[in-house]
Every structure is written in structure tokens, then in C-alpha cells.
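J.: Starting from these lines, generate the structure:
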Amino acid sequence: MKVTLYRYEKETLVMRSVEMEKLQAALRTENLNKPVSTTRDKAMFALPGTQNSYIQKLPVVVFGGTFRKTGEPAPPMRDYSGLVLLEVNHLSDLQEAVQIRQQAAMMPQTLLAFVGFSGKSVKIVIPFTLPDGTLPRSPEQVKRFHSQAYLTAVKYYQPQLGRNITLKEPVLQHGCRMSYDPQPVYNPDAVAIRIEQPMRMADSEEIRIVPEEPSEPLQRLMPGMSRNYRIATLFSIAMVDAIRKSGQIKDGDLKPVFTLLADNCLKAGIPEEDTVQCTLLYNDLKSKEMEIRMTFRSVYTLKEALAGKTFMPEIMSLTLQLEEFMLRRYEIRNNKMSGEVEYRDKSLLRFTFSPFTREVRNSICTEAHKEGLNVWDKDIERYVYSDNIPTFFPIEEYLGHLPKWDGKDHIRKLAKRVPCNNIRWADHFHRWFLSMVAHWLGLDREHGNSTTPLLVGDQGCGKSTYCLNILPPELRQFYTDSIDFSKRRDTELALHRYALVNIDEFDSVKDTHQSYLKHILQKANVSTRLPYQTANRNLRRYATFIATSNNFNILTDPTGSRRFICIEVTDTIDYIQPIDYEQLYAQAMEALANDERYWFTHEEETEIVANNRQFQQIPPEEQLFLQYFRLPKQNEAGEFLLSIEILGRIKQKQRDFSYTKTVISNFGRLLKRNGIPSKRSNRGTIYQVVELSKS
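T.: Residues are numbered from 1 along each chain as shown. The predicted structure is shown next:
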């Protein structure tokens, strides 16, 4: 059974496969540089955010299987091992980690258990198989199987170990840093847990592990910080309070300040030596080390540790405890695209976010009360709807974590899934796709992506499914095919909230909404009022449009046909074969990074307009004109008539024909579309025509 080790050397992925037997042997020894031991020593004194260079030198072990060497951040799987990795993190010390390792060794399902590189964690590897002893092969089956296997392992091992298992998303690429453990547990005859092949992803609601409260007195008072930062913060507060209470210093006598400072630090739970060292950091006080030590020793001797009421204001302590509780139990973000605050409960095996609702707020408040926090719903809301919550831009997040493009043309391949007779369709789709991604990235904020592919074909040929499949599953919540152009505020908000808008049944858009549709397609920015707010805000447009129709005569405005890439779907669209979304969008990102053009030229638009003529709806007045008039031949005089005069003659021949002011104003454009010569006169624009009845 093989597993994978990888590391990055000068930003290059280096990966190799090793047998489990060799891996467990490698865990027992450490090379001369002692990277793991050095990492453990340095971690004890590292400040938050400090990068330990030794950690980066340790390879990552992935137990899920072996992978193809493609150079990508998430290389494709070659062979699935059926191994699940569980982690018990945040232990107190190496001794506790050894105890947990030995508990795991007593379970016959444990294949491998070892102390993590920090010395305060344990990694446990458990094998799984199908009932017949085999493993799934297809990527989708492996994904579902591994998810269910992880859930089963957590449910089985959690009560046996008596420690919280750190929940991780059950992806095949998940691993841990290589470690050093002279006595790892390795059982090559471990009993594999057998489970049925699941039909769906594991239900995350089946398991709940509540993150433990911090037990250290310092951490309870100033939660959510590292030990060094907690001590530094509490000491600063204690020093300021001591100086304020001692008043003016007389004759350089610092005894009152030292006494108050020691008393404050004692109440805060800061160890005596840490208090002394923090005080001696001040250059002016280094000469008074003996006095400082004697004063602090007397104060710490006279009073019991943590005695008395803390000097920290109650509201400050409660705020810090609430922040620690929220950071420990939940992950919260402000989704700037959907306009909603979203949350994830860390105690559940769920790695997707859900909307923060009133019910969620009340549940969080109840959980806080269970931990003894005297907070209420307004305190929860004040925290959630504050600048402390990180912002989240889902499209940028997705596009920013794509692998390197493999050089294959995935965009045109997707276009060619639509069977059609337009030889330029794949090129036009490629340009439109680049424009969609470019506008998502905000490369052009002065123009909207006004070009819209319009798929025309029989019902049931897969047009709507194809439109949905353009977006990867991660972004499909930002797809809609339900847009009502009569509700203008909702329509404009859709420009901000959706990445792709499908105008399904395009021919059902009313004529009265056509001009507004043209406006929406080219609108670059959104200025509207968000729900429950009183003032308008300028919002960024993300939306790109696509459309479908079952009818062929769908274009009514000849001046706007350049905005639509009309395609006749001649057969059923292939929407069954999987799409490599990462490579699809990686190609677009690579093209845009190389400044490839993502807009249509005038020549391309002329080509699009010419192709769209077969989809142009011919109104009755145009049909009647073509019945009774024609274009003059070369050197043929014809007549010069106003458009209203032409309409009048049509009415004389077709008694039931009537026309409105709108028909009169649009009739000139119809004549121009048919190539009728015109010129200006003192009466207005006159058109040179030949009446067929007189020819």
C-alpha cells in the first residue's frame, strides 16, 4: 500500500510515492538537521504569524492514495488507498500525545498512529474497504466513499479516545506534515472497516463535536490569543492601571507602582517570573531589578494566586470572552456578492456556509449560555454585523485558487458540445467566455458584458442544462434563470448578485421590456437600494447574460441584434460528459493574464448581425412593404416617398392594415435594413422605392 509525500522546492511541486512500511520506518528516525525536534523547540517561543522555516522543510504525507505528477496544486488521483487520517490536535504536551497514541494502538482498526510534528498532536490512520474487500475506482464514487469513511471513523474513534478529534474536510489531498516519533504504532494486520458504497455525500448533521473551552486561567481571561500575546496584553493593562492608581511619583519612589503592578499581574494570573521579565523590558527599570524582584516576591507570597477580583472592566472581559467563543465555535464571513452574512458551525462535519438567520442567532446565544457567558442576542448581532467579520468574494476566491492551465483548449471544447451549423460559434463563444471572466475580475468597469449567446432549438434538447453547466458547482448559487424585467429594482440587484443570468424562453420577454433589456445588457454599474436599507449604493456588476428559446423568429429590434449570438441547436446538446472546470477557467485566466482580447471587434459584430438575420422577426408592416414595393434597379428612377406615404399606400392596398405612431417611427429603420436608398429633403427623409403595382 502506497502513500504520497510532497513538498515545494522553489515553488515547484516535488512528489513521490512510498510504501507504508517505509513510511513508518522513516517516522522512527530523524536526520542530522533534526527538523522536527527543532520545530518543536522553536514553536514554544514563536510569536503569532512567525513563519518557522523548518516547518516548510517537512514534507506533507497524504494517505488517501497516489497522484499523477502534473505540477498542479491539486494533482489528479492515480490510485485510491482507502486510508482515512484522523487528527487529535491541541494537546497539552508530548506526554498526553503519547497517551492518546497508545489508546489508538489498542483499537484493532488502527493501521498507524504517531505523534505529530508539534509534539502536541496525534495522527491516526484507519483503513476502509467495500464489503467485498475492494475499493471504488471512479472519481465520484471515491469522493462519496471517502467522505462516508471519514464520518464513520470520527464517530467510532471519538468516544474511544476521550479527546476531541479535529474535524477536517474529507478530501483526498488532505494530509499532515512528516513527523518524528521513535515509537509509532504500526499494525500491518489492522482490520479494515467495511462500508457500503454510499449513493450520496455523507450527512454532516450526523456528528457534532463541540470545541473544548480553554482551561488555562490566562486563556480564560484573555481568550483567543497565544500565551505570549496574552501575557503582553494583560501586563500592559496592569501597568497602565498601576501608574494611574499610584498617582504622582515622589522622589523617584517606584515602590507603590511596583506593588500595584505585582498585585494586578497576580490577579490576572500572570506567573511571577513572566511579570518580572516584562517589567525589566523597560530600560529605565533594569537598574532596579533587585527591588522589582523583592517587591513582586513579597506580593506573590502574601496573596493566593488569582485571588480577588480582576482589575479588568467587566464589559471588556465579557467582550473578549464572547470573541473567543465565536472564534472557537463558528466561522463567520460577510459574503459581499450575496449580501448575506454566512456562518459555519465548527462542531459539525460541514464545510459549507449557511445564511446567518434569526434562528441561527438564537441557537448561538443558547450555546453561549451553556458555557456560562452572560450574553444576549443583541451582543451576538453586534459581533456578527461588525468590521471584525472578514469579507468574502466567492468568484475571486474560486478564480484565485485554480491550477496552472494544461495548454488544452477547454473553452472551445465546451462550445462544440452544442451541435450547430455556425462555423464561427466556437470562436464567438470563446470570446464571450473570456469577457465573462474578465468582467468578474473587474478588468473593465466602464462597460458591461452586453453580448449574449442565444441558443435556439427544440424543447428538451438540453439548452437550459447547458447554460447551468457553464458555471462550476462552487458558483452555481450565483446562477439564475428566473428574472422578471417588470421588477426593475430586483433586475438591477441581479446584476450584482449573480454571475450568470439565463433569460430562459427569451421570446416571452414582452415588447415593452425590450428597450429596458437593452439598457440592462450594457449597464456597467449598479446604483440601487439594498433590502432593508434607505440609501442607494453603488454596486459592482458581475452578471453576464445567456439566453434560450424554442422559437426562431425572436429578434424584434434590428438595431440591437449585434448583442446576441444566435445559434440554431440542430441536435441534443452533450451535457452528460464531465467538465474539467478548473482547467476551463484556468485557460481563461491564462488568456487574460496574457492580455488576450475579450471584446468583439466591429468586424466580428458585423458578422454576428449577418448571421442573426435568419432569426429576425419580420413585422407585418415589413412583410407588406416587401409585397408591394421593391428596391430600384440600377439607373431606375423609382419614387422618393416619406415613410408615412409608403405606409399610406400599403393601407390603400390592404384595407385592414393599421399603423401606430410607434410603427411610423420604426418604419424608417426597417427600410434601411432592407437597403432602401434614402436622402434628406425639406420634407424629411425620403426613400427611393418602386411600387410593384406600377412596374
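
J.: next helix or strand past the helix or strand bottoming out on mean pLDDT in the chain?
T.: Least confident helix or strand, the chain: helix 217-221 with a mean of 48, by mean pLDDT, DSSP states H and E. Once the chain leaves helix 217-221, the next helix or strand it forms, by DSSP states H and E, is helix 227-246.

J.: how far does that next one sit from the chain's center?
T.: Helix 227-246 sits 40 Å away from the centroid of its parent chain (Cα atoms, centre = their mean, to the nearest Å).

J.: again, but for stretch 370-383
T.: For stretch 370-383, the distance to the chain centre is 28 Å (Cα atoms, centre = their mean).

J.: Only the C-alpha atoms, please, for that stretch, written as CSV.
T.: Extracted C-alpha coordinates of stretch 370-383, given in CSV (Å, rounded to 0.1, in the frame of the first residue of the first chain):
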residue,chain,number,x,y,z
LYS,A,370,-24.5,26.8,28.2
GLU,A,371,-20.8,27.9,28.5
GLY,A,372,-21.7,30.4,31.2
LEU,A,373,-21.4,33.6,29.0
ASN,A,374,-23.9,36.3,30.1
VAL,A,375,-24.6,37.5,26.5
TRP,A,376,-27.8,38.1,24.6
ASP,A,377,-29.0,38.1,21.1
LYS,A,378,-28.1,41.8,20.6
ASP,A,379,-24.5,41.0,21.7
ILE,A,380,-24.3,38.2,19.1
GLU,A,381,-25.7,40.5,16.3
ARG,A,382,-23.3,43.4,17.3
TYR,A,383,-20.4,41.0,16.9
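
J.: average pLDDT across it?
T.: Taken as a whole, stretch 370-383 carries a mean pLDDT of 90.

J.: Repeat that for stretch 429-437.
T.: Stretch 429-437 carries an average pLDDT of 95.

J.: give me the number of residues near residue 61?
T.: For residue 61, the neighbour count with other Cβ atoms under 10 Å is 23. Backbone N, C-alpha and C define where each C-beta goes, glycine included.

J.: Looks to me like it is in a helix.
T.: No: counting by DSSP: H, G, I helix; E, B strand; the rest coil, residue 61 falls outside a helix, being strand.

J.: for residue 427, what are its contacts?
T.: Residue 427 makes contacts with residue 412, as judged by Cβ atoms under 8 Å, 6 or more residues apart in numbering.

J.: That one sits in which helix or strand?
T.: helix 425-440.

J.: Okay, buried residues for that helix please.
T.: By 16 or more other Cβ atoms under 10 Å, the buried positions in helix 425-440 come out as 425-426, 428-440.

J.: With only the CA atoms kept, save that helix in CSV.
T.: Extracted in CSV, the C-alpha atoms of helix 425-440 (Å, rounded to 0.1, in the frame of the first residue of the first chain):
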residue,chain,number,x,y,z
TRP,A,425,-19.7,29.6,-33.0
ALA,A,426,-16.7,28.2,-31.1
ASP,A,427,-14.7,31.3,-31.7
HIS,A,428,-17.5,33.6,-30.7
PHE,A,429,-18.2,31.5,-27.5
HIS,A,430,-14.5,31.7,-26.6
ARG,A,431,-14.6,35.5,-26.9
TRP,A,432,-17.8,35.7,-24.8
PHE,A,433,-16.4,33.3,-22.2
LEU,A,434,-13.3,35.5,-21.8
SER,A,435,-15.4,38.6,-21.5
MET,A,436,-17.5,36.9,-18.7
VAL,A,437,-14.4,36.1,-16.7
ALA,A,438,-12.8,39.5,-17.4
HIS,A,439,-15.9,41.3,-16.0
TRP,A,440,-15.9,39.0,-13.0
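
J.: Distance from it to the middle of the chain?
T.: A distance of 22 Å separates the centroid of the chain from that of helix 425-440, by Cα atoms, centre = their mean.
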